[in-house]
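Chemist: Here is the input, now give the coordinates:
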Amino acid sequence: MSTIILLAIIAGVVLWVIGAYNGLISLKNQVVNGWKQIDVQLKRRHDLIPNLVNTVKGAMDFERSTLDAVISARNRAVGASGVQQTAQAEGELTQALGRLFALTEAYPDLKATGNVAQLQEELTSTENKIGFARQLYNDVATQYNTKQMQFPTNLVAGLAKASPAELWEIEDSAERAVPLVDLSTNKRGA
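Modeler: Coordinates of the predicted model:
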């Protein structure tokens, strides 16, 4: 009878180890998949940017430094690797694109061009998809990191070659800054 109990306990422990190991591997694969989803959207973004720059280049010839900054930021973003380096490069690219979009507003003829409007809309849509992909990635990476640290799963983490996943964080303080919105109409003295 005691042999049966001992075998049952051993079988229970083995089943638990297998379940914990498989759970960690599943989360690890979800983290990799989440990163690949971000990568797909970033590639789409990187592919759209040269089209936008070429479309506005003729009308914005004297704004050459802005166009060069966008292309330079794009090239750094394409060459970035790892979560932290990619996040930083993409933040710089977002700022450069923001300056380009602000400049296009100053050119009514350019703004009225269907190609520019369409490319801006596609980039905006892609930015939204990137945001959702980042959120999914961070959610899954957080689950994975938490699971690795929780007892007793942390006892199996080494077996599964689990290591903490980096989270996508805002590196640039300008991106982190909260915009000032003042809707007050202080005209009491008037």
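Chemist: Report the separation between Ser108 and Glu127.
Modeler: Wrong residue type there; residue 108 is Pro, not Ser. Taking CB to CB, to the nearest Å as the measure, Pro108 falls 24 Å from Glu127. Where C-beta positions appear, they are placed from N, C-alpha and C, glycine not excepted.
Chemist: So between those two, which is more surrounded?
Modeler: Glu127 (13 against 8; other CB atoms under 10 Å).
Chemist: Would you mind confirming that that one makes contact with Arg45?
Modeler: Yes: in this structure, Glu127 is within contact of Arg45 by CB atoms under 8 Å, at 7.3 Å.
Chemist: Pick out the residue nearest the middle of the chain.
Modeler: Geometric centre of the chain, nearest residue: Arg134, 3.6 Å, by CA atoms, centre = their mean.
Chemist: Three-state assignment for it, please.
Modeler: Here Arg134 is helix, with the state taken from DSSP: H, G, I helix; E, B strand; the rest coil.
Chemist: what's the closest non-adjacent residue to it?
Modeler: Of all residues not flanking Arg134 in the chain, Trp168 sits nearest, at 4.8 Å (CB to CB, 6 or more residues apart in numbering).
Chemist: so who does the one you found touch?
Modeler: Trp168 makes contact with 38, 83, 87, 134, 137-138, according to CB atoms under 8 Å, 6 or more residues apart in numbering.
Chemist: Now do the helices in the protein.
Modeler: 2-57, 64-79, 83-105, 108-112, 114-149, 154-157, 173-176 (DSSP state H).
Chemist: Output those helices in CSV; the columns should cover distance to Pro164 and mean pLDDT.
Modeler: Shown next, in CSV, are these (distance: least, CB to CB, whole Å; pLDDT from 0 to 100):
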stretch, distance to Pro164, mean pLDDT
helix 2-57, 10, 90
helix 64-79, 24, 87
helix 83-105, 11, 86
helix 108-112, 46, 67
helix 114-149, 5, 87
helix 154-157, 10, 87
helix 173-176, 23, 50
